[in-house]
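Chemist: the following block contains a protein sequence and its predicted model.
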Amino acid sequence: MDSFSLFFTTALLAGGLYWFVFFFGSAERKGKRAVDLSGGSISRDNVHDNYKQYWSFFRRPKEIETTEKVPAFVDTFYNLVTDIYEWGWGQSFHFSPSIPGKSHKDATRIHEEMAVDLLDVKPGNRIIDVGCGVGGPMRAIAAHSKANVVGITINEYQVKRAQIHNKKAGLDSLCEVVCGNFLQMPFADNSFDGAYSIEATCHAPKLEEVYAEIYRVLKPGSKYVSYEWVTTELYDGNNSEHVEVIQGIERGDALPGLRSYDQIAEIAKKVGFQVVKEKDLAKPPSHPWWSRLKMGRIAYWRNHVLVTILSWLGIAPKGTVDVHEMLFITADYLTRGGETGIFTPMHLIVCKKPEA
Ligand SMILES: C=C(CC[C@@H](C)[C@H]1CC[C@H]2C3=CC[C@H]4[C@H](C)[C@@H](O)CC[C@]4(C)[C@H]3CC[C@]12C)C(C)C
Ligand SMILES: C[S@@+](CC[C@H](N)C(=O)[O-])C[C@H]1O[C@@H](n2cnc3c(N)ncnc32)[C@H](O)[C@@H]1O
């Protein structure tokens with residue numbers, strides 16, 4: 001090869017690599033870029049250690065079951081995954097049934113708007129988003145209902161991200177974000193006109209604790225809507241494949257233990273709620289919620305290559321590849337949970353706090 005060809009080939013390869021690393025988009029192009037991946041509030045040198053610490057929780061499962069250990073466990077998880085979620089999924093950290101002819105973005109928004117429509121709130125009412133993530137649902141719900149939404153998340157980094165997004169969307173006058181534990185909320189009794197939680201209370205070691213807190217802060221006569229992660233009636237604890245799938249979901253999603261669908265209403269009633277409606281939104285005629293996850297497989301391979309290169313170049317913190325790989329594996333367990341029908345992330349429950 002003459003020197004001109006060598007120079008030309010090297011320049012082409014370098015240019016291609018630069019484009020792949022810095023410009024090649026992710027599944028969700030707006031917002032986070034691969035080069036911005038961080039460990040949330042964890043300093044970049046500690047990402048790998050925190051990843052190992054996250055796994056150590058599963059070696060001592062009794063600890064995740066205790067209320068005091070939960071904030072640390074869940075907080076570590078969200079420091080590790082928040083940027084990857086935003087980069088590869090978007091600002092709404094949940095699933096929704098796919099809707100033929102509609103984009104994922106629209107299907108997500110429709111699923112979110114349904115939650116607030118079920119609350120029957122009026123413009124100017126004050127409602128709470130329990131476990132708000134970086135606020136994708138909060139912004140859709142505030143824009144749709146004109147209610148004032150207060151979000152609470154255990155993760156400080158998510159609070160910062162949500163505040164940035166709220167401001168950018170021009171919704172910061174309707175949306176407020178608070179860092180705190182939903183098992184001990186920093187809000188007065190009877191202070192909200194409605195409450196919702198989207199795929200968040202599954203992180204509570206005891207569902208009655210978070211439901212009791214939500215009941216406490218709601219005004220009498222107001223409603224609470226939740227999309228719960230549960231095992232369905234098709235789950236068989238004696239089937240080793242079922243057990244493997246559910247344990248895989250728990251480990252890759254920071255869950256202290258998935259509950260069965262038939263426990264949810266019982267717990268709601270136990271803390272004082274009237275149960276108005278209960279339904280698995282994943283059941284037909286809904287279209288599969290897991291198809292988006294399954295369709296993205298090629299993009300995840302590409303993301304894996306990208307994350308590996310960025311880590312190798314020292315741009316992404318050490319440990320990012322491990323976190324990404326964990327999510328890659330989790331995506332497969334979630335898909336299997338959906339396809340077999342043993343798991344749903346959208347068991348809807350609508351509750352009412354009785355009038356005083
Ligand atoms: C409600 C929860 C989170 C639900 C989902 C938002 C996330 C569950 C699994 C996540 C992902 C899996 C694969 C990732 C992929 C390998 C990567 O390249 C891009 C991001 C993923 C698609 C990521 C996105 C978010 C999820 C779908 C739980 C935690 C209670
Ligand atoms: C899967 S995310 C869902 C976020 C949001 N509902 C959405 O759909 O985009 C779960 C959220 O619950 C929050 N969470 C989990 N345990 C919590 C706790 N004990 N207190 C407050 N927030 C908690 C997490 O920080 C995260 O924001």
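Modeler: Great, that's in hand. Ligands and ions are numbered 1, 2, ... in the order given.
Chemist: kindly export stretch 186-206 (C-alpha atoms) in CSV.
Modeler: C-alpha atoms of stretch 186-206 as CSV (Å, rounded to 0.1, in the frame of the first residue of the first chain):
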residue,chain,number,x,y,z
PRO,A,186,-42.2,15.0,53.5
PHE,A,187,-45.8,16.2,52.8
ALA,A,188,-48.6,17.1,55.1
ASP,A,189,-51.7,14.9,55.8
ASN,A,190,-54.6,15.5,53.4
SER,A,191,-52.7,17.8,51.1
PHE,A,192,-53.2,16.3,47.6
ASP,A,193,-56.2,16.2,45.3
GLY,A,194,-54.9,13.1,43.6
ALA,A,195,-51.9,10.7,43.4
TYR,A,196,-50.5,8.3,40.8
SER,A,197,-47.5,6.0,40.6
ILE,A,198,-46.2,4.6,37.3
GLU,A,199,-44.1,1.4,37.7
ALA,A,200,-42.5,2.7,40.8
THR,A,201,-44.1,1.2,43.9
CYS,A,202,-42.6,-2.2,42.9
HIS,A,203,-39.4,-0.9,44.5
ALA,A,204,-41.1,-0.8,48.0
PRO,A,205,-40.2,-3.8,50.2
LYS,A,206,-43.7,-3.7,51.7
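Chemist: any idea how far Glu112 is from the residue of the chain found nearest ligand 1?
Modeler: Among the residues of the chain, Gly88 lies nearest to ligand 1; the distance is 2.2 Å by C-beta to the nearest ligand atom. Where C-beta positions appear, they are placed from N, C-alpha and C, glycine not excepted. Counting by C-beta to C-beta, to the nearest Å, the separation of Gly88 from Glu112 is 19 Å.
Chemist: same question, Leu313
Modeler: For Leu313 relative to Glu112 (C-beta to C-beta), the value is 37 Å.
Chemist: quick one, what contacts Ile110?
Modeler: By C-beta atoms under 8 Å, 6 or more residues apart in numbering, Ile110 lies in contact with 96, 99, 102.
Chemist: ok, back up a step: Leu313 and Glu112: which is more packed in?
Modeler: Glu112 (24 against 11; other C-beta atoms under 10 Å).
Chemist: do the helix or strand where the more buried one lies and ligand 1 meet?
Modeler: In this assignment (DSSP states H and E), Glu112 forms part of helix 104-117. No: applying C-beta under 6 Å from any ligand atom, one finds helix 104-117 separated from ligand 1 by no less than 10.0 Å.
Chemist: so which elements touch the helix or strand following that helix?
Modeler: Per DSSP H and E, helix 104-117 leads on to strand 126-130 as the next helix or strand towards the C-terminus. Here strand 126-130 touches helix 136-145, strand 148-153, strand 192-198, helix 207-217, going by 3 or more C-beta pairs under 8 Å, 6 or more residues apart in numbering; DSSP states H and E.
Chemist: per-residue confidence at the residue of the chain closest to ligand 1?
Modeler: Predicted confidence (pLDDT) for Gly88: 95.
Chemist: that one contacts Arg297, correct?
Modeler: No: assessed by C-beta atoms under 8 Å, Gly88 is found out of contact with Arg297, at 11.9 Å.
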